[in-house]
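Q: Using only what follows, build the 3D model:
(one chain, ligands or ions: 2)
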Amino acid sequence: MQSPLPFFPEQASNFAGNVDALFSFILLTSLFFSVLVTLLTIYAAFKYKRKQPGEVGAEDHGNMVLEIGWTIIPLILALFMFAWGAVVYVHYRTAPKDTLDVYVVGKQWMWKLQQPNGRKEINELHIPVNRDIKLIMGSEDVIHDFYVPAFRVKMDVVPGRYNTMWFRPTKVGKYHFFCSQYCGTNHAVMGGWVTVMDPSDYAAWLAGETGDVNPVSAGEKLFTQLACNTCHIANGTGRAPSLNGLFGAKVLLADGSTVIGDEAYIRESILQPKAKIVAGYQPVMPTFQGLVTEEQIQNLTAYIKSLQTQPVPAKGSGIAPATSGKK
Ligand code: HEC
Ligand SMILES: [Cu+2]
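A: Ligands and ions are numbered 1, 2, ... in the order given. Presented below is the predicted three-dimensional model:
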């Protein structure tokens, strides 16, 4: 679908059509009523102007039909805008399964991006067309914001946490992205280009050059270097829960509640281990706040996400650990 209004940027993602349609609807509705009210005001000002000195205004007792009309119609319109907006927003905030995950770090004043195979880029993002992409984003300093106008997606990138967003590019091409949260002197130049490629071109691009270690192996190395592996033993016999199968699973906490083991939870477990204690374990994990860089946290997260073989549930979960046949 083409943009209904002439001043939109190119539409190059699955969200663009919907966002533009909603935006145009709200804009045109507001414009219609603004013009209507302005014209009626001007008309009334002339029509009911005092024409003779000493003229007395007519009495007015209101009009029920009008009162109800201009209450109900805007109410319906506003609720319709809200509902439509909610549908678009929920779709945007709910990433599908099986996305291509790109890690993004914002810092004054550049963007560092890393592909699942480890290939790193600065202020450039290469992605295949018609594939669901998820950006997992952190900041090393202040609040930034990743904005791709042609995709109609933007998301704040906030220090101390991950924010994620997803989209599916629908058109091969090059699209500008920007930092859209004022972040200091060189904020204006903190941007770059998203290159959307045919899947075969993308595969060729991915395979080309790169001495970069992929985030999963970098994370695996860190896991040993930081001695995470002394407590987190793969088969679940250590002082800490096995991290096998954690990603995407439901984790039972000591206070009886549950959380989903997503990127945000893994990150929080590394930086503020005491925030959520896994049922059946002592809160003995030290915090790694200040000891690991944003990139290292992403590497650890990628590594933990990759541990999907042979899930070992935590002791407190009440489920027997998966065994491979023998006791
Ligand atoms: C001194 C032992 C110890 C070390 C070292 C340690 N952890 Fe932990 N970790 C624990 C314990 C105990 C828990 C469970 C209690 C809790 O939630 O705090 C835990 C929980 C976690 C969880 C949540 C697990 C779940 O099943 O929900 C993650 C993720 C995690 N640790 C990652 C790490 C990483 C990454 C490192 C290294 C950077 C690390 N841990 C180092 C003891 C440790
Ligand atoms: Cu910025």
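
Q: does the most centrally placed residue in the chain count as helix, strand or coil?
A: In the chain, the residue lying closest to the centroid (C-alpha atoms, centre = their mean) is Met165, at 2.6 Å. Counting by DSSP: H, G, I helix; E, B strand; the rest coil, the backbone at Met165 sits in strand.

Q: now do Ala95
A: coil.

Q: Tell me the residues on the protein that lie near ligand 1, please.
A: 226-228, 230-232, 239-241, 243, 246, 251, 261, 266, 269-270, 273, 277-278, 281-285, 288, 300, 304, 314 (C-beta under 6 Å from any ligand atom). Yep, even glycine has a C-beta here, placed from its N, CA and C like the rest.

Q: What subset of those is buried?
A: Among the residues of the chain next to ligand 1, those classed as buried by 16 or more other C-beta atoms under 10 Å are 226, 228, 232, 240-241, 243, 246, 251, 261, 266, 269-270, 273, 277-278, 281, 285, 288, 300, 304, 314.

Q: List the ones among these that fall in helices.
A: Secondary structure from DSSP state H places 228, 266, 269-270, 300, 304 of these in helices.

Q: And the furthest pair within the residues you listed?
A: Taking C-beta to C-beta as the measure, those span a maximum distance of 11.6 Å, between Cys228 and Ile266.

Q: Identify the contacts common to these two.
A: Leu300 (C-beta atoms under 8 Å, 6 or more residues apart in numbering).

Q: quick one, phi psi at Gly192?
A: phi 180, psi -150 (degrees, to the nearest 10).

Q: Measure how buried it is and give me the count.
A: Close neighbours of Gly192, defined as other C-beta atoms under 10 Å, add up to 18.

Q: beta partners of it?
A: Using DSSP bridges, the bridge partners assigned to Gly192 are Phe177.

Q: Pro128 now?
A: Going by DSSP bridges, Pro128 forms beta bridges with Met197.

Q: Check whether it really touches Thr195, as I assumed.
A: No - applying C-beta atoms under 8 Å, one finds Pro128 not in contact with Thr195, separated by 10.2 Å.

Q: give the contact list for the residue nearest to the centre of the chain.
A: Met165 touches 92, 95, 134-135, 137, 146, 153-155, counting by C-beta under 8 Å, 6+ apart.

Q: Could you export those residues as CSV, including secondary structure?
A: Output for these, formatted as CSV (three-state DSSP):
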residue, secondary structure
Tyr92, helix
Ala95, coil
Lys134, strand
Leu135, strand
Met137, strand
Phe146, strand
Val153, strand
Lys154, strand
Met155, strand
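
Q: which one of those sits closest to ligand 2?
A: Phe146 (9.0 Å; C-beta to the ion).

Q: who touches Lys154 in this structure?
A: 145-148, 165, 180 are the contacts of Lys154 under C-beta under 8 Å, 6+ apart.

Q: Identify the farthest-apart pair in these.
A: Met165 and Ser180 (12.9 Å).

Q: okay, and the common contacts of those two?
A: 146, 154.

Q: Sort out which residues of the biggest helix by length in the chain are buried, please.
A: Ordering each helix of the chain by length in residues (DSSP H) puts helix 16-47 first. Going by neighbour count (16+ other C-beta under 10 Å), the buried part of helix 16-47 is 16-20, 22-23, 25-26.

Q: For the nearest residue to the residue nearest to the centre of the chain once chain neighbours are set aside, the count of nearby residues, please.
A: Closest residue to Met165 apart from its sequence neighbours, by C-beta to C-beta, 6 or more residues apart in numbering: Met155 at 4.2 Å. Counted with other C-beta under 10 Å, residues neighbouring Met155 total 21.

Q: Is Met155 in contact with Gly138, as I believe?
A: No - between Met155 and Gly138 there is no contact under C-beta under 8 Å: 11.6 Å.

Q: any common contacting residues for the two?
A: Common neighbours of Met155 and Gly138 (C-beta under 8 Å, 6+ apart) are Asn163.

Q: tell me which residues in the host helix or strand of Trp84 are buried?
A: According to DSSP states H and E, Trp84 maps onto helix 64-93. Across helix 64-93, burial judged by 16+ other C-beta under 10 Å covers 88, 92.

Q: Then stretch 123-143?
A: For stretch 123-143, by 16+ other C-beta under 10 Å, it's 125-129, 132-140, 142.

Q: Stretch 42-62 too?
A: Buried residues in stretch 42-62 (16+ other C-beta under 10 Å): none.

Q: Show residues contacting it.
A: Counting by C-beta under 8 Å, 6+ apart, no residue outside stretch 42-62 touches it.
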